[in-house]
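J.: fold the following and give me the result.
(3 chains)
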Amino acid sequence: MTAAALIAILIGMGLLLVRALLGPTLYDRILAVNAIGTKTVLVIGLLGYVMGRPDFLDIAMIYTLINFVTTIAILKFFRYRSFQVPLARRIDPAKEAE
Amino acid sequence: MAYFLGLLAALVAFWFGNSGHYKPLMLGFGSVSVLLTMILAYRLDIIDREGAPYVRLPQLIKYYPWLAVEVVKSNWVVIRACLRAELDITPTLTKVKTVCRSDLARVTFANSITMTPGTVTVEIEGDKLLVHGLYESGTEPEGFFEMDKRCAAACDPKEAR
Amino acid sequence: MADFLANLGSFWEILRHPLGGAACLAGGLLIIISSIGVLRFPDFYTRLHAASVTDTSGAALVLIGMALMAPNWLVLVKLLCIFIFLFLTSPTSSHALANAAHVAGLQPRIGPVGAANPEDKT
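T.: Residues are numbered from 1 along each chain as shown, chains lettered A, B, ... in the order given. Have a look, this model is predicted:
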């Protein structure tokens, strides 16, 4: 039954790949890549169960965080065309003076 | 100081939950990595009220089960919209005003709106949120009042309310 | 009483593997449904809603299924960590996507789409 769930998630990944290839705008493609990343986490976890040793969960945990950082980095790059812009909170100079 | 100890306890618990090895060598490596993380967090200057929100943990634990029920309810609507033979969605944009004062409460409110399928927070400007919804009936500003009140109760400090 | 509790424990040991497998399978079906939604919906903002079904209920069901089949408590702690990370980061990244598209000037499609709109027969 776990193997069936694994195959179902892989089918979902295939459908999203079609959206990533078709996607009319850039943001559709990023959305598809982000959703594929979420599914990859689940696939890594389930693969450990199918193969009988659930030790792959460490890798799945790291992949969750890497997926998030990747999405934010891609979005930042396409907004500023550079990785060097600081993402700090904008401080209002009028409030700062008070 | 209390936030410092809170971060230390959380990191130690995280290491013990993830390693599963309790030999002296491994414990030494673990304490070294916890210490390095603490030094990094101190240099990043993120040990403050937002970096370690353990004080409000009981209220947050009361809030999240209610949110889970809401998420399941709105999931059903979106799943039905996906599987209809003919699409019958009416995408809408609405402005929602929030009563939350602190940044943490606003982030929790916007995160909850985004987490329920069918509504996404597009932009936050001061105390106004721009929300994009899948159906007109699920996106009225009145529909978010209860979530807003619960977020303010869960995250705002007492003196700000 | 102790007898009854021991019976309950062994019953649970037998029952939890089929239950976990069923939860994983239900999560997989929800993931396929949301992928179909991502393919079908007309513009970017509506596709975002379909993708968030995967991020919440699909992932939650698969993770609950894996937790029911967990062989020891270390695996449970790791699954809990994945659950917390996933549920803190996925709304944040979908908000970042929506905000970036809005700032870049991508206009959402407002008003009825499909069957409710007479001039829109695709």
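
J.: if residue B:94 is in a bridge, with which residues?
T.: residue B:131 (DSSP bridges).

J.: quick check, pLDDT for the spatially most central residue of chain C.
T.: Using CA atoms, centre = their mean, the residue of chain C that lies closest to the mean C-alpha position is residue C:58, 2.4 Å off. pLDDT recorded at residue C:58 is 87.

J.: what separates it from chain A, distance-wise?
T.: Between residue C:58 and chain A the distance is 8 Å, computed by CB to the nearest CB, to the nearest Å. Every C-beta, even on glycine, is put in place using the N, C-alpha and C of the backbone.

J.: surely that residue and residue C:37 touch.
T.: No - using CB atoms under 8 Å, residue C:58 is not in contact with residue C:37; the gap is 11.4 Å.

J.: return the residues of chain A in contact with chain B.
T.: residue A:58 (CB under 8 Å from any CB of the partner chain).

J.: low-confidence stretches in chain A?
T.: A:85-98 (pLDDT under 70).

J.: in terms of helices and strands, where is residue B:122?
T.: For residue B:122, the host element (DSSP states H and E) is strand B:119-125.

J.: is chain C within reach of that strand?
T.: Yes - under the criterion of CB under 8 Å from any CB, strand B:119-125 makes contact with chain C via B:119, B:120, B:121, B:122, B:123.

J.: who touches that strand?
T.: B:74, B:93, B:106, B:110, B:113-114, B:129-134, B:138-139, C:45, C:48-49, C:52, C:94-95, C:98-99, C:102 (CB atoms under 8 Å, 6 or more residues apart in numbering or on different chains).

J.: next: stretch B:127-144.
T.: B:74, B:77-78, B:81, B:89-100, B:106, B:109-110, B:113, B:118-124, C:45-46, C:48-49, C:98, C:102, C:108.

J.: mind listing which of these are in strands?
T.: B:92, B:93, B:94, B:95, B:96, B:97, B:119, B:120, B:121, B:122, B:123, B:124 (DSSP state E).

J.: by neighbours, which of these wins?
T.: residue B:120 (27 neighbours; other CB atoms under 10 Å in any protein chain shown).

J.: beta partners for it?
T.: residue B:132.

J.: ok, back up a step: switch the residues of strand B:119-125 next to chain C over to JSON lines; also include pLDDT.
T.: Below are those laid out as JSON lines (pLDDT from 0 to 100):
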{"residue": "B:119", "pLDDT": "84"}
{"residue": "B:120", "pLDDT": "86"}
{"residue": "B:121", "pLDDT": "87"}
{"residue": "B:122", "pLDDT": "86"}
{"residue": "B:123", "pLDDT": "86"}
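
J.: quick check: residue C:76 touching residue C:69?
T.: No - Residue C:76 is beyond contact range of residue C:69, at 10.6 Å (criterion: CB under 8 Å).

J.: show me what from chain B comes close to chain C.
T.: B:14, B:17-18, B:20, B:71-72, B:75, B:78-79, B:81-83, B:86-93, B:110-112, B:114-123, B:130, B:132, B:134.

J.: which of those count as buried?
T.: B:71, B:75, B:78-79, B:81-82, B:87, B:89-92, B:110-112, B:114-123, B:130, B:132, B:134 (16 or more other CB atoms under 10 Å in any protein chain shown).

J.: centre-most residue in chain B?
T.: Chain B, centroid-nearest residue using CA atoms, centre = their mean: residue B:108 at 4.3 Å.

J.: who's in contact with that residue?
T.: Contact analysis of residue B:108 by CB under 8 Å, 6+ apart lists B:63, B:100, B:151, B:154, B:155.

J.: how many neighbours does the first one have?
T.: A count of neighbours around residue B:63, defined by other CB under 10 Å, yields 19.

J.: list the contacts of it.
T.: B:108, B:150, B:151, B:153, B:154.

J.: would you list those residues in CSV and tack on secondary structure and pLDDT?
T.: CSV is the format used below for those (DSSP: H, G, I helix; E, B strand; the rest coil; pLDDT from 0 to 100):
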residue, secondary structure, pLDDT
B:108, helix, 83
B:150, helix, 80
B:151, helix, 78
B:153, helix, 78
B:154, helix, 75
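
J.: of those, grab the buried ones for PyMOL.
T.: Burial among the contacts of residue B:63 is assessed by 16+ other CB under 10 Å; the matching PyMOL selection reads:
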select buried, chain B and resi 108+150+151+154
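
J.: greatest separation within the contacts of residue B:63: which pair is it?
T.: B:108 and B:153 (10.8 Å; CB to CB).

J.: of residue C:76 and residue C:69, which one has the most company?
T.: residue C:69 (20 against 14).

J.: flag the shaky bits of chain B, pLDDT-wise.
T.: B:49-55, B:156-161.

J.: tell me where it has helices.
T.: Ranges of helices in chain B, per DSSP state H, are B:2-19, B:24-44, B:57-83, B:103-115, B:145-155.
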